[in-house]
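[1] Need a 3D model of the following:
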Amino acid sequence: MIRGMQTRLLALANVPLLRAKAPFQGHGCSDCWIVKLHTGHVNVSSNRRFTYGFCSCSLPQDLAGKKCVPCNSKDIRAMSEQSANELLVQVQGWGLVSEGGILKLHRSWKVKSFTKGLEFFQLVANTAEAEGHHPDLHLVGWNNVKIDLWTHSAGGLTENDFILAAKINTLSFDHLLRKKASAK
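    Model (predicted):
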(Lines give C-alpha, C1' and ligand atoms only; values in the text may rest on other atoms or scores of the structure.)
Protein backbone atom coordinates (compact mmCIF):
# COMPACT_ATOMS: atom_id res chain seq x y z
CA MET A 1 0.00 0.00 0.00
CA ILE A 2 2.74 2.48 0.96
CA ARG A 3 4.80 1.66 -2.13
CA GLY A 4 1.75 2.24 -4.34
CA MET A 5 1.07 5.59 -2.69
CA GLN A 6 4.71 6.64 -3.08
CA THR A 7 4.53 5.79 -6.77
CA ARG A 8 1.35 7.85 -7.21
CA LEU A 9 2.86 10.79 -5.30
CA LEU A 10 6.10 10.66 -7.27
CA ALA A 11 4.05 10.80 -10.46
CA LEU A 12 2.50 14.03 -9.15
CA ALA A 13 5.81 15.54 -7.94
CA ASN A 14 6.03 18.03 -10.81
CA VAL A 15 2.54 19.46 -10.20
CA PRO A 16 2.84 22.75 -8.25
CA LEU A 17 -0.82 23.00 -7.22
CA LEU A 18 -3.37 20.26 -7.50
CA ARG A 19 -6.98 20.48 -6.43
CA ALA A 20 -8.18 16.96 -6.90
CA LYS A 21 -9.10 14.09 -4.65
CA ALA A 22 -5.98 12.84 -2.97
CA PRO A 23 -4.69 9.33 -3.56
CA PHE A 24 -5.08 8.84 0.22
CA GLN A 25 -8.83 8.30 0.09
CA GLY A 26 -9.51 4.83 1.36
CA HIS A 27 -6.09 4.72 3.03
CA GLY A 28 -6.98 6.13 6.45
CA CYS A 29 -7.69 9.67 5.32
CA SER A 30 -11.17 10.28 4.01
CA ASP A 31 -12.03 13.60 2.42
CA CYS A 32 -8.39 14.68 2.07
CA TRP A 33 -7.53 17.11 -0.66
CA ILE A 34 -4.03 17.83 -1.91
CA VAL A 35 -3.38 21.53 -1.57
CA LYS A 36 0.32 21.85 -2.36
CA LEU A 37 2.89 19.35 -3.49
CA HIS A 38 6.61 19.66 -2.79
CA THR A 39 9.38 17.20 -3.40
CA GLY A 40 8.84 14.63 -0.68
CA HIS A 41 6.19 16.71 1.08
CA VAL A 42 2.48 16.92 0.48
CA ASN A 43 0.12 19.41 2.11
CA VAL A 44 -3.42 18.14 2.36
CA SER A 45 -6.54 19.47 3.96
CA SER A 46 -7.55 17.02 6.64
CA ASN A 47 -8.29 16.79 10.34
CA ARG A 48 -5.16 14.85 11.17
CA ARG A 49 -1.40 14.66 10.61
CA PHE A 50 -0.04 11.43 9.26
CA THR A 51 3.08 10.10 7.58
CA TYR A 52 3.38 7.52 4.83
CA GLY A 53 6.93 6.60 3.88
CA PHE A 54 8.65 9.69 2.54
CA CYS A 55 5.65 12.00 2.58
CA SER A 56 4.48 14.08 5.49
CA CYS A 57 0.98 15.46 5.18
CA SER A 58 0.47 18.83 6.84
CA LEU A 59 -2.81 20.28 8.00
CA PRO A 60 -4.38 23.66 7.51
CA GLN A 61 -4.22 23.92 11.30
CA ASP A 62 -0.44 24.22 10.99
CA LEU A 63 -0.85 28.00 10.60
CA ALA A 64 -2.83 28.20 13.84
CA GLY A 65 0.06 26.48 15.61
CA LYS A 66 2.56 29.12 14.49
CA LYS A 67 3.42 32.37 16.24
CA CYS A 68 3.43 35.76 14.53
CA VAL A 69 6.90 37.28 14.10
CA PRO A 70 7.56 40.93 15.00
CA CYS A 71 6.60 43.26 12.15
CA ASN A 72 9.25 45.87 12.93
CA SER A 73 11.93 44.01 11.00
CA LYS A 74 13.23 45.74 7.88
CA ASP A 75 13.40 42.29 6.27
CA ILE A 76 9.63 41.77 6.32
CA ARG A 77 8.15 42.07 2.83
CA ALA A 78 4.64 41.77 1.46
CA MET A 79 3.98 38.51 -0.34
CA SER A 80 2.85 38.15 -3.93
CA GLU A 81 -0.77 37.53 -4.83
CA GLN A 82 0.22 34.03 -5.98
CA SER A 83 1.75 33.24 -2.56
CA ALA A 84 -1.32 34.66 -0.85
CA ASN A 85 -3.61 32.46 -2.95
CA GLU A 86 -1.57 29.39 -1.97
CA LEU A 87 -2.02 30.17 1.75
CA LEU A 88 -5.66 31.20 1.35
CA VAL A 89 -6.80 27.56 1.15
CA GLN A 90 -5.63 27.17 4.76
CA VAL A 91 -7.90 29.89 6.15
CA GLN A 92 -11.43 28.84 5.30
CA GLY A 93 -13.97 31.65 4.97
CA TRP A 94 -11.42 34.39 4.30
CA GLY A 95 -11.03 36.15 0.96
CA LEU A 96 -8.47 38.37 -0.70
CA VAL A 97 -9.33 41.99 -1.46
CA SER A 98 -7.22 44.74 -2.94
CA GLU A 99 -7.78 48.25 -1.62
CA GLY A 100 -5.67 51.02 -3.04
CA GLY A 101 -3.23 48.48 -4.42
CA ILE A 102 -2.81 46.82 -1.01
CA LEU A 103 -3.71 43.14 -0.77
CA LYS A 104 -5.68 42.25 2.38
CA LEU A 105 -7.43 39.26 3.94
CA HIS A 106 -11.12 39.97 4.57
CA ARG A 107 -13.93 38.17 6.34
CA SER A 108 -17.34 39.20 7.65
CA TRP A 109 -19.92 37.76 10.04
CA LYS A 110 -23.42 38.72 11.20
CA VAL A 111 -23.81 38.87 14.96
CA LYS A 112 -26.99 38.72 17.05
CA SER A 113 -26.74 42.29 18.37
CA PHE A 114 -24.52 45.32 18.68
CA THR A 115 -23.23 44.17 22.09
CA LYS A 116 -22.55 40.66 20.70
CA GLY A 117 -20.41 42.39 18.05
CA LEU A 118 -18.39 44.04 20.79
CA GLU A 119 -17.99 40.67 22.55
CA PHE A 120 -16.85 39.19 19.23
CA PHE A 121 -14.23 41.93 18.92
CA GLN A 122 -13.03 41.27 22.46
CA LEU A 123 -12.36 37.61 21.60
CA VAL A 124 -10.46 38.65 18.48
CA ALA A 125 -8.59 41.39 20.37
CA ASN A 126 -7.38 38.93 23.02
CA THR A 127 -5.96 36.66 20.32
CA ALA A 128 -4.46 39.55 18.36
CA GLU A 129 -2.83 41.00 21.45
CA ALA A 130 -1.31 37.61 22.34
CA GLU A 131 0.16 37.44 18.82
CA GLY A 132 1.30 41.06 18.69
CA HIS A 133 -0.48 41.43 15.35
CA HIS A 134 -3.55 43.64 15.15
CA PRO A 135 -6.35 43.51 12.57
CA ASP A 136 -8.61 46.28 11.36
CA LEU A 137 -11.98 45.66 13.06
CA HIS A 138 -15.21 47.12 11.71
CA LEU A 139 -18.71 47.04 13.21
CA VAL A 140 -20.92 48.22 10.37
CA GLY A 141 -24.56 48.90 11.12
CA TRP A 142 -25.65 47.21 14.28
CA ASN A 143 -24.69 43.60 13.50
CA ASN A 144 -22.16 43.35 10.66
CA VAL A 145 -18.69 42.45 11.89
CA LYS A 146 -15.85 42.76 9.39
CA ILE A 147 -12.15 42.09 9.78
CA ASP A 148 -9.33 43.13 7.47
CA LEU A 149 -5.88 41.67 7.99
CA TRP A 150 -2.71 43.04 6.45
CA THR A 151 0.73 43.97 7.68
CA HIS A 152 0.85 47.75 7.66
CA SER A 153 4.66 47.93 7.96
CA ALA A 154 5.06 45.66 4.90
CA GLY A 155 2.34 47.39 2.89
CA GLY A 156 0.51 44.14 2.20
CA LEU A 157 0.07 40.55 3.30
CA THR A 158 2.63 38.50 5.21
CA GLU A 159 2.43 35.07 6.78
CA ASN A 160 1.49 36.81 10.07
CA ASP A 161 -1.87 37.74 8.56
CA PHE A 162 -2.64 34.13 7.67
CA ILE A 163 -1.48 32.93 11.09
CA LEU A 164 -3.85 35.37 12.81
CA ALA A 165 -6.70 34.45 10.42
CA ALA A 166 -6.18 30.76 11.26
CA LYS A 167 -6.21 31.55 14.99
CA ILE A 168 -9.39 33.62 14.60
CA ASN A 169 -10.96 30.65 12.81
CA THR A 170 -10.34 28.52 15.91
CA LEU A 171 -12.21 30.90 18.24
CA SER A 172 -15.53 29.76 19.65
CA PHE A 173 -17.99 32.53 18.86
CA ASP A 174 -20.98 30.65 17.47
CA HIS A 175 -23.03 31.86 20.45
CA LEU A 176 -22.53 35.44 19.21
CA LEU A 177 -23.55 34.83 15.59
CA ARG A 178 -27.01 35.10 14.06
CA LYS A 179 -28.58 31.82 13.09
CA LYS A 180 -29.38 31.47 9.42
CA ALA A 181 -33.08 31.57 8.59
CA SER A 182 -34.49 28.13 7.88
CA ALA A 183 -35.71 27.40 4.35
CA LYS A 184 -39.49 27.26 3.97
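[2] Sketch out the strands for the protein, chain order is fine.
    Assigned by DSSP state E, the strands in the chain fall at 33-38, 41-45, 50-52, 55-58, 95-99, 102-110, 136-140, 144-149.
[3] and the longest helix for the protein?
    The residue-count maximum for a helix in the chain (DSSP state H) belongs to helix 114-131.
[4] In this structure Leu164 contacts Gly132, no?
    No - judged on CB atoms under 8 Å, Leu164 makes no contact with Gly132 at a distance of 9.8 Å. Where C-beta positions appear, they are placed from N, C-alpha and C, glycine not excepted.
[5] between the two, which one's more packed in?
    A count of neighbours by other CB atoms under 10 Å puts Leu164 above the other of Leu164 and Gly132, at 28 against 14.
[6] Quick check: closest non-adjacent residue to that one.
    Among residues not flanking Leu164 along the chain, His133 sits closest, at 5.1 Å (CB to CB, 6 or more residues apart in numbering).
[7] Let me see the contact set for that neighbour.
    Under the criterion of CB atoms under 8 Å, 6 or more residues apart in numbering, the contact list for His133 reads Cys68, Cys71, Thr151, Asn160, Asp161, Ile163, Leu164.
[8] Which residue, other than its chain neighbours, is closest to Ser108?
    Lys146 (4.4 Å).
[9] same thing with Glu81?
    Nearest non-adjacent residue to Glu81, counting by CB to CB, 6+ apart: Leu103, 6.1 Å away.
[10] Is that neighbour in contact with Leu87, as I believe?
    No - with contact defined as CB under 8 Å, Leu103 does not count as touching Leu87 (11.6 Å).
[11] Please say which of those two ends up with more neighbours.
    The residue with more neighbours, out of Leu103 and Leu87, is Leu87; 23 against 19, by other CB under 10 Å.
[12] Thought Phe162 was touching that one, still the case?
    Yes - assessed by CB under 8 Å, Leu87 is found in contact with Phe162 at 4.6 Å.
[13] Can you work out which residues contact both of the two?
    Shared contacts of Leu87 and Phe162, defined by CB under 8 Å, 6+ apart, comprise Leu63.
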